[in-house]
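Asks: kindly generate the corresponding structure for this input.
(chains A and B)
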2 protein chains.
Amino acid sequence: MLVLAKRDNAIHERLTADLADVEARFAAELRSDLDCVNELVEHVERYRGKMLRPTLVLVSALASHPDQPTEPTTRPGHRIVATVLEMVHMATLVHDDILDEAELRRRGATINHLAGNEAAVMLGDYLISHAYHLCSSLGDAEISRAIAHATNTVCEGELLQLANRNNADLDERTYFEIIRRKTASLCGVSCRLAAVLNNTPPATTDALYHYGEKLGVAFQIVDDVLDLTGDERTVGKTLNRDLEKGKLTLPLIHHLASLDDTNREAMRELLEAQRDRSLDPAVRDKQAKLLRDRLNADGSVEFARQRAAELVASAKAQISEHLPESPARTLLLEMADAVLSRKF
Amino acid sequence: MLVLAKRDNAIHERLTADLADVEARFAAELRSDLDCVNELVEHVERYRGKMLRPTLVLVSALASHPDQPTEPTTRPGHRIVATVLEMVHMATLVHDDILDEAELRRRGATINHLAGNEAAVMLGDYLISHAYHLCSSLGDAEISRAIAHATNTVCEGELLQLANRNNADLDERTYFEIIRRKTASLCGVSCRLAAVLNNTPPATTDALYHYGEKLGVAFQIVDDVLDLTGDERTVGKTLNRDLEKGKLTLPLIHHLASLDDTNREAMRELLEAQRDRSLDPAVRDKQAKLLRDRLNADGSVEFARQRAAELVASAKAQISEHLPESPARTLLLEMADAVLSRKF
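Replies: Just a heads-up that it's a prediction; the model follows:
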């Protein structure tokens, strides 16, 4: 669960209670009469992460509450939307683990590692269909349609990423298009629907959407930088997978663009070696370290972090401009900053 | 497309037009601004099959029309539900191909064979989320919830099947539970929702649900028998996969139950050999033929066909009892019979 500043006790209590409610709804919705299904679901619940998307829904709900009550207030619809979005996100995690052949996720065995790719595919589908099942209990077609649209966009982002695997010419524009779709669309819709459920004016709804989307893009840039330069014990999942899977991320795209033809060719060969499973792992690790050092030395890592920082600043500006001052608004601003330091 | 008896021209024209409408909606809903997505979708459309579920929706719609108009009439909602259910079904096909490592599906390359497991996972997800996106355009939460519930059930069936892989003690009860969930639930909901959209009385709605469910179970039994005994060129997909994947189906379950301990042990060893990829394929094929001959000789295949025939009779009884006579009702009865001869 997100580590929240305890400065405002009332908000802290509201969010703690609401996130517990989200967890309970999550478990209740997914309960089956089949033991084999429940075992897999329990395993998924155990690797629940930061609950970023539910937290975005709930804090956005508080910050956009139309009449600023003295007690922090969310609606049941907010808790349901928060649960639905966490389910969709969990489904993408379970399916991403198939994509990435990752062996570690949140310091636990992944579903595909534990029960095979086939169970992971079906469990992901089970999560998606339950997400829509729960969502339809709201009886609000606009909400259902918005969540389905965001999920369509996530899939498009993943497919665009796959189509660009091993593409050493991937440009910045396409990279941003990929992460906007695969990561940011779900964050954007989390914030936007919180406002929709509060019947806020369009300016507020739009501001929250843009806040969530920019925060999501920044989050993914930082995630990609961590995959390249992070420490596996701290991050809690298998790292250096992007290189192995032929995914170019922002520091590398920036670095490649700065090279002349000869050096770019040399770098491509180095990237190819990172995907070569027959290569001695010790050699590969050494080359990966060399690459990391080069990206650090020429400022490519710093360039990526800088882009994330600009996006966070722009996300915060949306909020400062369009939402009234409140403790919840402060929390939204802090959440954006936290993306950069990855305290959550 | 389902080969329909042309006896009733008006119905035939209505269904042909409606199924064309379903195909057009399918394509329009899935269109993306990304070429890489459209290419995969076009590939999926090319291996569209019998359109059993859309046809069940549309014929049920005609047969349950409350005021029996002279011209066969369906509502726009029927076409949308038919498209949604076809999308959900296509998603399970795409994901099933990952499950089954099948190399052939409808005589074309499967998505995973063409573009990798990872693209197949994401494309399936894209189909599911678009199904819900389209469904929410109806603005009817009951319909959305029913479709999501049926999809939950499909996933449970698949997971129950996976949990029983290589289980030589699988009993008939569990086998029926698996196929009721993974196949019949979607057929049942197809027929039921057609009636719901016509505001029919509960007796009609229930009768159509039971008809669809029984037809679906019978369909899967016949499908399993074909996997065991069919001809690949006629059926149009890779056969004998159930044995290779350790899936016990009705003829084998019946056969195993008839054996004494010694013979059952021998049969288990034969089944294990069918899953052994290191075995010479010629030896494996010879053993598979031996097995088929035995299941034919002792009446186990006939037993399975008989169970399918009983279910078809029971499905037809639901319709004859609860729906008024009409050309569309006759078509429902013919569709049930066609499951046994697998003309569709």
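Asks: just the strands in the stretch 51-200 of chain A please.
Replies: Taking DSSP state E, counting those that start in this stretch, the strands of the stretch 51-200 of chain A run over residues A:104-105, A:108-109.
Asks: looking at those, which one has the lowest mean pLDDT?
Replies: Out of the strands of the stretch 51-200 of chain A, strand A:104-105 stands lowest, with a mean of 44 (criterion: mean pLDDT).
Asks: low-scoring stretches of the stretch 101-250 of chain A, by residue?
Replies: Where the stretch 101-250 of chain A drops to pLDDT under 70, the residues are A:101-115, A:231-239.
Asks: what does it have sitting close to chain B?
Replies: If contacts are counted using C-beta under 8 Å from any C-beta of the partner chain, the residues of the stretch 101-250 of chain A sitting beside chain B are A:115-119, A:121-126, A:128-130, A:132-133, A:135-141, A:144-145, A:148-149, A:151-152, A:154-156, A:158-160, A:162-163. For the C-beta atoms, the positions are set from N, CA and C on the backbone; glycine is no exception.
Asks: please report the distance of the closest residue to residue A:279 other than its chain neighbours from residue A:29.
Replies: In this structure, residue A:279 finds its nearest non-sequential neighbour in residue A:273, 5.9 Å apart by C-beta to C-beta, 6 or more residues apart in numbering or on different chains. Separation of residue A:273 from residue A:29 (C-beta to C-beta, to the nearest Å): 46 Å.
Asks: touching the helix or strand containing the residue nearest to residue A:279 from outside, list them.
Replies: Assignment of secondary structure by DSSP states H and E places residue A:273 within helix A:261-275. Counting contacts by C-beta atoms under 8 Å, 6 or more residues apart in numbering or on different chains, the residues outside helix A:261-275 that touch it are A:166, A:168, A:243-246, A:252, A:255-256, A:259, A:279, A:283-284, A:287-288, A:290-291.
Asks: tally of neighbours for the residue nearest to residue A:171 when sequence neighbours are not counted?
Replies: In space, residue A:171 comes closest to residue A:253 once its chain neighbours are excluded; the distance is 6.9 Å by C-beta to C-beta, 6+ apart. A count of neighbours around residue A:253, defined by other C-beta atoms under 10 Å in any protein chain shown, yields 21.
Asks: what residues are up against residue A:253?
Replies: Here residue A:253 is in contact with A:170-172, A:175 (C-beta under 8 Å, 6+ apart).
Asks: helix or strand for the closest residue to residue A:163 other than its chain neighbours, just tell me which one.
Replies: Distance criterion C-beta to C-beta, 6+ apart; nearest residue to residue A:163, sequence neighbours excluded, is residue B:36 at 3.7 Å. Of the helices and strands defined by DSSP H and E, residue B:36 is found in helix B:35-46.
Asks: now do the buried residues in that helix.
Replies: Residues of helix B:35-46 classed as buried: B:36-37, B:40-41, B:43-44 (neighbour count, 16 or more other C-beta atoms under 10 Å in any protein chain shown).
Asks: likewise stretch A:188-207?
Replies: For stretch A:188-207, by 16+ other C-beta under 10 Å, it's A:188-198, A:200, A:204-205, A:207.
Asks: same thing with stretch A:257-274?
Replies: Residues of stretch A:257-274 classed as buried by neighbour count (16+ other C-beta under 10 Å): A:267, A:271, A:274.
Asks: among these, which has the minimum pLDDT value?
Replies: Model confidence across the buried residues of stretch A:257-274 bottoms out at residue A:274, which has 81.
Asks: any idea how far that one lies from residue A:163?
Replies: Distance check for residue A:274 against residue A:163: by C-beta to C-beta, it reads 20 Å.
Asks: next: residue A:22.
Replies: Counting by C-beta to C-beta, the separation of residue A:22 from residue A:163 is 34 Å.
Asks: the more surrounded of those two?
Replies: Taking neighbours as other C-beta under 10 Å, residue A:22 and residue A:163 compare with residue A:22 leading, 28 against 18.
Asks: what sits against residue A:83?
Replies: A:22, A:25-26, A:29, A:54, A:134.
Asks: all helices for the stretch 201-344 of chain A, in order.
Replies: When secondary structure is read from DSSP state H, counting those that start in this stretch, the stretch 201-344 of chain A shows helices at A:202-229, A:232-235, A:241-244, A:250-258, A:261-275, A:281-297, A:300-322, A:327-341.
Asks: residue A:8 - how many residues pack around it?
Replies: Neighbours of residue A:8 using other C-beta under 10 Å come to 17.
Asks: how about the one 3 residues further on?
Replies: The local packing count at residue A:11 equals 23, with neighbours defined by other C-beta under 10 Å.
Asks: and the pLDDT at it?
Replies: The per-residue pLDDT reported for residue A:11 equals 92.
Asks: hmm, it is touching residue A:326, no?
Replies: No: contact between residue A:11 and residue A:326 fails when scored by C-beta atoms under 8 Å: they sit 9.1 Å apart.
Asks: hey, what's in contact with both of those two?
Replies: With contacts taken as C-beta under 8 Å, 6+ apart, residue A:11 and residue A:326 have residue A:62 as neighbours in common.
Asks: buried stuff in stretch A:302-319?
Replies: Of the residues in stretch A:302-319, those buried under the neighbour-count criterion (16+ other C-beta under 10 Å) are A:303-305, A:307-309, A:311-312, A:314-319.
Asks: nothing else from me, thank you.
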